[in-house]
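> dropping a prediction and its sequence here:
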Protein chains: 2
Amino acid sequence: MPKIGMEPLRRKALIDATIAAIGERGSLDVTMSEIAGRAGVSSALAHHYFGAKDELLFATMRHILAELNADTRRALRLAATARQRVSAVVAVSFSDDQFQAETIAAWLAFYVEAQQSSALRRLLRVYARRLHSNLMSGLTGILPRVEADRVAEATAALIDGLYIRRALKDGVPNAQSAIALVEDYLETKLNGRSLP
Amino acid sequence: MPKIGMEPLRRKALIDATIAAIGERGSLDVTMSEIAGRAGVSSALAHHYFGAKDELLFATMRHILAELNADTRRALRLAATARQRVSAVVAVSFSDDQFQAETIAAWLAFYVEAQQSSALRRLLRVYARRLHSNLMSGLTGILPRVEADRVAEATAALIDGLYIRRALKDGVPNAQSAIALVEDYLETKLNGRSLP
DNA sequence: TTTTGTTGATTGATCCGTCAATAAAAAATA
DNA sequence: TATTTTTTATTGACGGATCAATCAACAAAA
C-alpha cells in the first residue's frame, strides 16, 4: 500500500542504513541488498532512488559531513573567546555524535575509497579545509598567522590520528582522553599569549 | 622451463606486486589475477604459494611492518642521546622508503581491512605498540614516565594523522614539513628538560 | 619415478543494475 | 461525480560481469 511522499523518508532511511552497515562491516564492502534490507526495502528501490551504489555512498558521506558541519557551527556560536572557539572545534570532533565506532569506521572507509573516486576526494578536501578554517577562526586571535597556520595543521593531524587509533581500538579508549591530549598540546602551544 | 628454488623468489615477487597493485588502486580491491600478472605469473601460482588471497595480503602487511621495523632499529643504533632516539623514530616514519604514496595507500587500506580480520588487527596492534615503545625508549630519558607516555601517544597520533593527510594529498606536501611539524611539537614539549 | 614449478580451463558464488509487473494515490477528463 | 489516465511506490526475477579457488595436466629437475 504505497503512500505518497515516501522519497525523502526512504532516502534518509537508506543513508542511515548505509552508515550502520559500513560501521558494522568496518568497510565500504557492503552490498546494496544488505543496506536495503536494513532500511526495510528491496535493493531495487535503493537503485530506484540513488541510481548506483556510488551515488548512495557519496550521499552518505555528504550527510556525515553536513552533520559534522552543523554541530561545529552550533558549537562555535556558543564560544565567546578565541580560545574557546579552538576548544569548541576540538570538542565537536570528539563529541558523542562524531567519535563513535560506527561513524569512525565510515570515515576511514571513505578515506580509502577517496583514492579511487575523485568526487569523494573532493568532498574530503572540503572537510580538511573546513576543519583548518574553523581552527584558524580561533587561532588567529591568539597567534600570528604563520604560527596559527602551523598549529592548526598539527591540531588537524592530531584529530585525524586519534580517529584512526580509535578505529584500531588501541589506545585512546575514550573521547575524554583524546580531548585531553589535544588540549594539552594546545595549552603548551598557546601558553602565555592570550590576546593580541 | 621450471628452474628449482623458485619459491622464495616467487613469494617475494608476489608480495612486491601486491604492494604495487594496492598502491596504484589505493585499496585492497585488487584481484589475484592482477597481482599475479604484475609478478609475471598466473593467478593459479599465486594460490599455489599463498593458499588464499587473505594470506597473501597478510604476508604483504607483515612484510611492510618488518621493513619499517628493520629501518627503525638501524636508525636507533645510530642515535647517541635520548633526544636523538626520539628524532630517529620520527625520521624513519617519514623516510623516503616509508612516506611514499604507494606504501601509505597500503597502510590505509590495511587499517580498514583490519576491522574485519582479527589477524590483521593483531598485526597493526603490534605496530602501534612497537611505535609507542620505540618512542618511549628515548622519551623516558627526558621526561618522567607518565608524561613521557602522554607525549609518546600524541606523537604516534600525529604521525598517523600526517600519514592520512598525505594519502589525501592535501596539506603535508612533503616529508620535510611533516618532520618539522612533529619536531616542533616535541621541541615545545621537551623544552628545558634535557637530562634527568 | 618422485618432487617441484606452472598454467589454462572451469566452477561456483556473489553482486550490481535492469526490467516488467503490480498497486495505490493523484490528476485529468467526461 | 464518476471515469480514465498519469504519476509515484515497490518488488521479484533475471542477465551479465567479476573473481576466488580448484583441478587436471604438462614439463623439467632430482
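The structure has been received and is ready for your questions. Numbering: from 1, shown residues only, chains lettered A, B, ... in the order given.
> who in chain A is up against DNA strand D?
Residues of chain A found near DNA strand D (Cβ under 7 Å from any atom of the strand) are A:2-7, A:10, A:40-45, A:48. In short, each C-beta sits where N, CA and C put it, glycine included.
> let me know the closest of those residues to A:Arg166.
A:Gly40 (30.2 Å; Cβ to Cβ).
> now the closest one: phi and psi?
phi 80, psi 20 (degrees, to the nearest 10).
> returning to that earlier point: are any of the residues of chain A next to DNA strand D buried, and which?
Buried by 16 or more other Cβ atoms under 10 Å in any protein chain shown: A:Arg10, A:Val41, A:Leu45, out of those.
> pick the one among those closest to A:Trp107.
Nearest member of these to A:Trp107, counting by Cβ to Cβ, is A:Arg10, at 24.5 Å.
> who does the longest helix along chain A touch, helix- and strand-wise?
Secondary structure assigned by DSSP state H gives helix A:53-78 as the longest helix of chain A. If contacts are counted by 3 or more Cβ pairs under 8 Å, 6 or more residues apart in numbering or on different chains; DSSP states H and E, helix A:53-78 sits against helix A:7-25, helix A:32-39, helix A:43-50, helix A:82-93, helix A:101-113, helix A:118-139.
> out of the residues of chain A next to DNA strand D, who's nearest chain B?
A:Ser43 (20.6 Å; Cβ to the nearest Cβ).
> mind listing what the closest one touches?
A:Thr31, A:Met32, A:Ser33, A:Ile35, A:Ala36, A:Gly37 (Cβ atoms under 8 Å, 6 or more residues apart in numbering or on different chains).
> please apply the same query to A:Leu124.
By Cβ under 8 Å, 6+ apart, A:Leu124 lies in contact with A:Met61, A:Phe110, A:Tyr111, A:Ala114, B:Leu168, B:Asp170.
> any idea which of the helices and strands packed on helix A:53-78 scores lowest on pLDDT?
Ranked by mean pLDDT, the helices and strands packed on helix A:53-78 end with helix A:101-113 in last place, scoring a mean of 90.
> quickly check: that helix near DNA strand C or not.
No: contact of helix A:101-113 with DNA strand C (Cβ under 7 Å from any atom of the strand) is absent, the minimum separation being 13.1 Å.
> swap in stretch A:56-66?
No: on the criterion Cβ under 7 Å from any atom of the strand, stretch A:56-66 is out of touch with DNA strand C, staying 7.9 Å away.
> run through who's touching that stretch.
Counting by Cβ under 8 Å, 6+ apart, A:11, A:14-15, A:18-19, A:22, A:28, A:32, A:35, A:46, A:50, A:103, A:106-107, A:110, A:113, A:117, A:119-120, A:123-124, A:126-127 sit against stretch A:56-66.
> filter those to the buried ones?
A:11, A:14-15, A:18-19, A:22, A:28, A:32, A:35, A:46, A:50, A:103, A:106-107, A:110, A:113, A:117, A:120, A:123-124, A:127.
> now for the contacts of A:Leu124, which pair is the farthest apart?
Checking the contacts of A:Leu124 with Cβ to Cβ, the most distant pair is A:Met61 and B:Asp170, at 15.6 Å.
> residues from chain A in reach of DNA strand C?
Counting by Cβ under 7 Å from any atom of the strand, the residues of chain A close to DNA strand C are A:1-4, A:30-33, A:43-44, A:47, A:51-54.
> and which of these is nearest B:Leu68?
For the residues of chain A next to DNA strand C, the nearest to B:Leu68 is A:Val30 (31.0 Å; Cβ to Cβ).
> for B:Ala75, see how far away that closest one is.
Distance, A:Val30 to B:Ala75, by Cβ to Cβ, to the nearest Å: 41 Å.
> on that earlier part again, so which of the contacts of A:Leu124 is the most crowded?
Most neighbours among the contacts of A:Leu124, by other Cβ atoms under 10 Å in any protein chain shown: A:Met61, with 27 neighbours.
> distance of that residue from chain B?
Between A:Met61 and chain B the computed distance is 13 Å (Cβ to the nearest Cβ, to the nearest Å).
> how about A:Arg73?
For A:Arg73, the distance to chain B (Cβ to the nearest Cβ) stands at 22 Å.
> tell me how many other residues crowd that residue.
12.
> so what's it up against?
Applying Cβ under 8 Å, 6+ apart, no residues contact A:Arg73.
> so which of the contacts of A:Ser43 comes closest to DNA strand D?
Closest to DNA strand D out of those is A:Ala36 (7.3 Å), distances taken as Cβ to the nearest atom of the strand.
> which residues does that closest one contact?
A:Leu14, A:Ala17, A:Ser42, A:Ser43, A:Ala44, A:Leu45, A:Ala46.
> in this structure A:Ile35 contacts A:Ala17, no?
Yes: assessed by Cβ atoms under 8 Å, A:Ile35 is found in contact with A:Ala17 at 4.9 Å.
> nearest to A:Gly161 among the buried ones among the residues of chain A next to DNA strand D?
For those, the nearest to A:Gly161 is A:Arg10 (36.9 Å; Cβ to Cβ).
> ok, for that closest one, nearest residue in space, not its chain neighbours?
In this structure, A:Arg10 finds its nearest non-sequential neighbour in A:Tyr49, 5.8 Å apart by Cβ to Cβ, 6 or more residues apart in numbering or on different chains.
> pull the number of nearby residues for that neighbour.
A:Tyr49, neighbours per other Cβ under 10 Å, totals 16.
> any idea how far it lies from B:Ile159?
Counting by Cβ to Cβ, the gap from A:Tyr49 to B:Ile159 is 41 Å.
> backbone dihedrals for A:Gln100, please?
Backbone geometry at A:Gln100, expressed as degrees, to the nearest 10, gives phi -130, psi 140.
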